[in-house]
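**Student:** next input, structure requested:
(chains A and B)
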Amino acid sequence: MSARARLGQIVAPVALVVVTGLVGALFARQTEIYFISALISVVIVVALHVFVGNSGVLSFGHASFVAVGAWAAGVLSVPVDEKAAIFPALFPVLGEHTVGNVASLCVAAAVGGAYALVIGMPLMRLSGLAAGIATFAVLEITHNVLRYWDRIGPGTNSFSSVPETTGIVQAAAGAAIAIVVAFGYQTSRYGRQLRATREDAAAARAVGIPIVRQRLWAFALSGALAGLGGGLLVHFLPISTEDAYLNLTFITLAMLVIGGVGSLWGAVVGALAVSALDSFLAEAESGLELGGRTLDVPSGSRLILVGLLMALTLVLRPSGLTGGREFSAPRLTRPPEPPTAERGAAA
Amino acid sequence: MTGVLAALNVQTVVDAVGLGAIYALMAVGIGLVFGVLRLVNFAYGQLVMAGAFALALSSDWDWPAGAGIALCLVVVVVLSMAMNVLVFRPLRSQSPAVMLVATFAVAFFLQSVALIWFGPLGKPASSLASLNRPVTIGDVDIRKITIVAVIVAAICLVALVLLLERTTIGLHMRAAAMDFGTARLLGVRAERVIGTAVLISGILAAAVAVLLTVQSPLVTPGFGLNQTIVVLAGVVVGGMNRLLSATLGGFSIGFVSGLLGGALPTAQSQYLPSVVFGLVILVLLIRPGGLFARAAVAERV
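**Tutor:** Numbering: from 1, shown residues only, chains lettered A, B, ... in the order given. Next up is the predicted model:
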């Protein structure tokens, strides 16, 4: 692969994120939030891609890394004098300290990464359905514990008094960082080894690639990015445990699959496309109410359309919008590279 | 004191068997479709939910219980067949991940429809509520529904075994579950086999809907979702490659949840899911191929 083509693969997704941020900044706050939320989705879907896309193993557990990241950043950034009121049962260590915005995001990433590393150590030996169900079990346990253990967070309540520092700039910066980290990883030695195990586990093992260890690194890195996404999320909305549970798992996996599993470009495109669709339908919903007649559209009707359109995309274009390929500039002289070309380059 | 404790334990065991029976039925429904399609149907819980809403509506309209059950059966079977034709068939050649996410999308879609149609608070289904009354045998109060659940599960399983072992279509289904490509070469009709599996899985979902609505009559859009997640875990823990081990897995996870639910002190009972899923992880780590799978098949490398 030429250096120029590789440059395009990193510049294109970053540029897309920056443009999204710039366009979002043009709008008033009530529209801007759609863009912020889309950019946070990019962070989480890119995190998911780092593991799922590169290893080919499904994970339903990433919402739990988002949750622990959000919990870490949220609990630590509430001002000390408000903590007693919001988290009455909090551990004293957590109650006596408050950290700034950037520090809390770093902590979120660190906690997400550490959590993924610890969980991954036993779990990465599994593959296929067993891995899927085991990561699902992690999600259930994390959700259950965060929901009922009020010594480490708000329990069944939502977060409140977390400084709302995630504006369009922070969201875009977070997304860009996630993309750069993911790209750096997948073009590194470790990333290429993991991608080799995805294509042919037996051949990869035969040339001496430690499959479990490579999966574990990717899992930890992807947990860290998901934790960062959680940190950004808690600084954006007063979230509760339900916001980092089944719906988030579903929507982020759907974004990844709709974009095209296996490429960073697919993760970014999928996250933005599904977010755009969702936001557009949300706007259309309130637009119907404005259009003269008082059409009482129930708040969930856009969910129907999103679910329907996702199923439709999968039926009509199962390999996703990007076909699981990285970005490549349209060529005028040669036909586009076949999908196997990159595999050859990675080996 | 010890007498009370023993009675309580028998009570817990009986309730756990009832829960296990329902979960076993769901496990068969999920396992049958997995056998022929290699597809994990996450939307199975929404089939149950749809059936439960059919029951709720029919009790709203004051239909007799039999008509309600018939409506439930029709709704679930039609929905199940529609899912097969509209979603499973076009995606059959895709990777398991794509198929799983597609069933996610279907689940999401059906749940949203229910949310709009019936609202987040749901509807009560009360026409069969009399089955909730207990029968006292010795010191143990057994809810009639527990007995019904066990009997229904037993009948369904026996009927299914007879179908699989004694009929041509059953033979075809077993062949297809073993090796679909070869089975087709030998003259097994793919559409018929898949259609039958989906049909039976739908009938089982309807039976589960009836049993679950008796146990918890308030039907909400999230009805059946948690059970599906638990049963999916149970099916994989049991071993997905054989219907028997999948069914045993479903039964076990229901039975164990029931036992733990009775055994955990009240203050800790909110952590029941953590304990159950912790066990799931543990079993998967020890026996990734499934607890009840035949001699562990070495990973093909």
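**Student:** low pLDDT regions in the chain?
**Tutor:** Picking chain A for this. Applying pLDDT under 70 to chain A flags residues A:1, A:286-301, A:330-347.
**Student:** should've been chain B
**Tutor:** In chain B, residues with pLDDT under 70: B:1-8, B:294-301.
**Student:** the strands in it, which residues?
**Tutor:** B:123-124, B:134-137, B:140-143, B:218-219 (DSSP state E).
**Student:** longest helix of the chain?
**Tutor:** Using chain A here. Looking across chain A with DSSP state H, the single longest helix is helix A:264-290.
**Student:** um, chain B though
**Tutor:** Max-length helix for chain B by DSSP H is helix B:2-37.
**Student:** for that one, name the packing helices and strands.
**Tutor:** helix B:44-60, strand B:140-143, helix B:144-166, helix B:168-178, helix B:190-215, helix B:225-238, helix B:243-263 (3 or more Cβ pairs under 8 Å, 6 or more residues apart in numbering or on different chains; DSSP states H and E). All C-beta atoms are positioned from the backbone trio N, CA, C, and that covers glycine.
**Student:** mind listing what's buried in it?
**Tutor:** Within helix B:2-37, the residues that qualify as buried are B:12, B:14-37, counting by 16 or more other Cβ atoms under 10 Å in any protein chain shown.
**Student:** so which residue of chain B comes closest to chain A?
**Tutor:** Using Cβ to the nearest Cβ, the single residue of chain B nearest to chain A is B:F109, 3.2 Å away.
**Student:** relative to A:G100, how far out is that residue?
**Tutor:** 42 Å (Cβ to Cβ, to the nearest Å).
**Student:** for these two, indicate the residue with more neighbours.
**Tutor:** B:F109 (22 against 12; other Cβ atoms under 10 Å in any protein chain shown).
**Student:** how about the more buried one, nearest residue that isn't a chain neighbour?
**Tutor:** A:G307 (3.2 Å; Cβ to Cβ, 6 or more residues apart in numbering or on different chains).
**Student:** OK, contacts around the one you found?
**Tutor:** B:A105, B:V106, B:F108, B:F109, B:L110, B:S112 (Cβ atoms under 8 Å, 6 or more residues apart in numbering or on different chains).
**Student:** make JSON lines from these and add distance to A:R317 to it.
**Tutor:** Shown next, in JSON lines, are those (distance: Cβ to Cβ, whole Å):
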{"residue": "B:A105", "distance to A:R317": "13"}
{"residue": "B:V106", "distance to A:R317": "17"}
{"residue": "B:F108", "distance to A:R317": "18"}
{"residue": "B:F109", "distance to A:R317": "18"}
{"residue": "B:L110", "distance to A:R317": "22"}
{"residue": "B:S112", "distance to A:R317": "22"}
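**Student:** which residues are in contact with the residue in the stretch 51-200 of chain A positioned nearest to chain B?
**Tutor:** As assessed by Cβ to the nearest Cβ, chain B sits closest to A:A137 within the stretch 51-200 of chain A, at 3.8 Å. With contacts defined as Cβ under 8 Å, 6+ apart, A:A137 is in contact with B:A233, B:F277, B:G278, B:V280, B:I281, B:L284.
**Student:** any buried residues in stretch A:200-209, and which?
**Tutor:** If you call a residue buried by 16+ other Cβ under 10 Å, then stretch A:200-209 has these buried ones: A:A201, A:A204, A:I209.
**Student:** intersect the residues you listed with the contacts of chain B.
**Tutor:** Contacts with chain B are made by A:A201 out of the buried residues of stretch A:200-209, judged by Cβ under 8 Å from any Cβ of the partner chain.
**Student:** who in the stretch 51-200 of chain A is up against chain B?
**Tutor:** A:52, A:58, A:122-123, A:125-127, A:129-130, A:132-134, A:136-138, A:140-141, A:144-145, A:148.
**Student:** what about the helices in the stretch 151-300 of chain A?
**Tutor:** A:168-186, A:189-199, A:201-206, A:211-234, A:246-259, A:264-290 (DSSP state H, counting those that start in this stretch).
**Student:** so of these, which one's packed in deepest?
**Tutor:** helix A:211-234 (a mean of 28; mean count of other Cβ atoms under 10 Å in any protein chain shown).
**Student:** same list, the contacts of A:A137, but only the ones touching chain A.
**Tutor:** Checking these against chain A (Cβ under 8 Å from any Cβ), the matches are B:A233, B:F277, B:G278, B:V280, B:I281, B:L284.
**Student:** and the residue nearest the centre of the chain?
**Tutor:** No chain specified, so I'll use chain A. When Cα atoms, centre = their mean is applied to chain A, the residue found nearest the centroid is A:I44 (1.0 Å).
**Student:** give me every residue that touches it.
**Tutor:** Per Cβ under 8 Å, 6+ apart, neighbours of A:I44: A:H62, A:V66, A:L225, A:A226, A:G229, A:G230, A:L248, A:T252, A:A271.
**Student:** kindly recompute the last result at 6 Å.
**Tutor:** Contacts for A:I44 (Cβ atoms under 6 Å, 6 or more residues apart in numbering or on different chains) come out as A:V66, A:A226, A:G229, A:T252.
**Student:** just give me the closest of those to chain B.
**Tutor:** A:T252 (10.5 Å).
**Student:** what sits against that closest one?
**Tutor:** A:T252 touches A:I44, A:V45, A:L48, counting by Cβ under 6 Å, 6+ apart.
**Student:** inside helices: which ones of the residues you listed?
**Tutor:** Those of the contacts of A:T252 lying in helices (DSSP H): A:I44, A:V45, A:L48.
**Student:** ok, the residues you listed vs chain B, which is closest?
**Tutor:** For the ones in helices among the contacts of A:T252, the nearest to chain B is A:L48 (11.7 Å; Cβ to the nearest Cβ).
**Student:** wait, the closest one sits on A:F60?
**Tutor:** No: checked against Cβ atoms under 6 Å, the pair A:L48 and A:F60 is beyond contact range at 10.1 Å.
**Student:** neighbour count: the two, which is higher?
**Tutor:** A:L48 (29 against 24).
**Student:** how near is the more buried one to B:G254?
**Tutor:** 31 Å.
**Student:** next: A:Q170.
**Tutor:** For A:Q170, the distance to B:G254 - Cβ to Cβ - is 46 Å.
**Student:** check B:V135 too.
**Tutor:** B:V135 is 21 Å from B:G254, by Cβ to Cβ.
**Student:** please say which of these two ends up with more neighbours.
**Tutor:** B:G254 (26 against 11).
**Student:** how many other residues sit next to residue 261?
**Tutor:** All of this is about chain A. Neighbours of A:V261 (other Cβ under 10 Å): 25.
**Student:** the chain in question should be chain B.
**Tutor:** 16.
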